[in-house]
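# Below are the sequence and a predicted model; questions follow.
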Amino acid sequence: QSVLTQPPSVSGAPGQRVTISCTGTGSNIGSEFDVHWYQQVPGTAPKLLIYDYNRRPSGVPDRFSASRSGTSASLAITGLQAEDEAVYFCHSYDSRLSSDVFGTGTKVTVL
Amino acid sequence: QITLKESGPTLVKSTQTLTLTCTFSGFSLTTREVGVNWIRQPPGKALEWLALISGDGDTRYSPSLESRLTITKDTSKNQVVLTMTNMDPADTGIFYCVHPSLHPSGAFDSWGQGIPVSVSS
């Protein structure tokens, strides 16, 4: 049902860099609507990580960054830490659906 | 400081109507640029946007669920109410009340703790 597609899982050793892709279409990411990213630790509400392409709310470390190209967006985590283990979701707006849409979610595992 | 808290039944039966209340503080739902959303998450699955009400009373709904949803506000009580009719076990999940405070960004930065709702057949 999710309009935006993410890989189910990614993993990396502490200190490594991992990236999470978010693939959309011409009616959402491809139409240059803003893309936002959330981190969700099991049992808690999602937490806003990146907004409006690559802005971080206060308190979010600069190890988290985002990029976009065409109909896709990506979240990068550098210097991976154990506390980064969580599920990550992307979020945008879809003009065809006239609705906010979310990604399928990606579980990040720190090896 | 912005806070939101969801309340309502955690168990409903198939075909019943679910009514959830979001009680918030730290902002006033009285102007067009201020809004409250409802988002749900089935167990182990992705987030799904359900509805939005703006301070001027404008409402928007998920196209796939629009016929079943109604969102209203009570400004005097700082509350937003979501009703979902004809509940089904597939509607089981956590329902979140969310306020985007980074205007004009549409990012969802303020979330309630969520309320788990289970639908029995």
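That came through, no problem.
# Now do the phi/psi pair for B:T30.
phi -130, psi -10 (degrees, to the nearest 10).
# which residue packs closest to it, ignoring adjacent ones?
B:G55 (4.7 Å; Cβ to Cβ, 6 or more residues apart in numbering or on different chains). Backbone N, C-alpha and C define where each C-beta goes, glycine included.
# Over to A:V41?
A:A86 (4.8 Å).
# picking up where we left off before, I'd say the residue nearest to B:T30 and B:F24 touch.
No - B:G55 is beyond contact range of B:F24, at 11.9 Å (criterion: Cβ atoms under 8 Å).
# Looking at the two, which one has more neighbours?
Using other Cβ atoms under 10 Å in any protein chain shown, the more surrounded residue of B:G55 and B:F24 is B:F24, with 21 against 17.
# which residues does that one contact?
B:I2, B:T3, B:L4, B:K5, B:V36, B:N78, B:Q79, B:V80, B:C97, B:H99 (Cβ atoms under 8 Å, 6 or more residues apart in numbering or on different chains).
# cutoff 6 Å now
Counting by Cβ atoms under 6 Å, 6 or more residues apart in numbering or on different chains, B:F24 touches B:L4, B:N78.
# now do the one 10 residues further on
Under the criterion of Cβ under 6 Å, 6+ apart, the contact list for B:V34 reads B:G55.
# how much space between it and chain A?
Note on B:V34: its distance to chain A, by Cβ to the nearest Cβ, to the nearest Å, is 16 Å.
# Would you list the phi and psi of that residue?
Taking degrees, to the nearest 10 as the convention, B:V34 sits at phi -100, psi 140.
# Likewise for A:A13?
phi -80, psi 160.
# Would you report the backbone torsion angles of A:A45?
The phi/psi pair for A:A45 (degrees, to the nearest 10) reads phi -70, psi 150.
# for the residue lying closest to it once chain neighbours are set aside, what are its contacts?
Leaving aside its sequence neighbours, A:A45 sits nearest to B:W111 (Cβ to Cβ, 6+ apart; 4.1 Å). The contact partners of B:W111, taken as Cβ under 6 Å, 6+ apart, are A:A45, B:Y96, B:V98.
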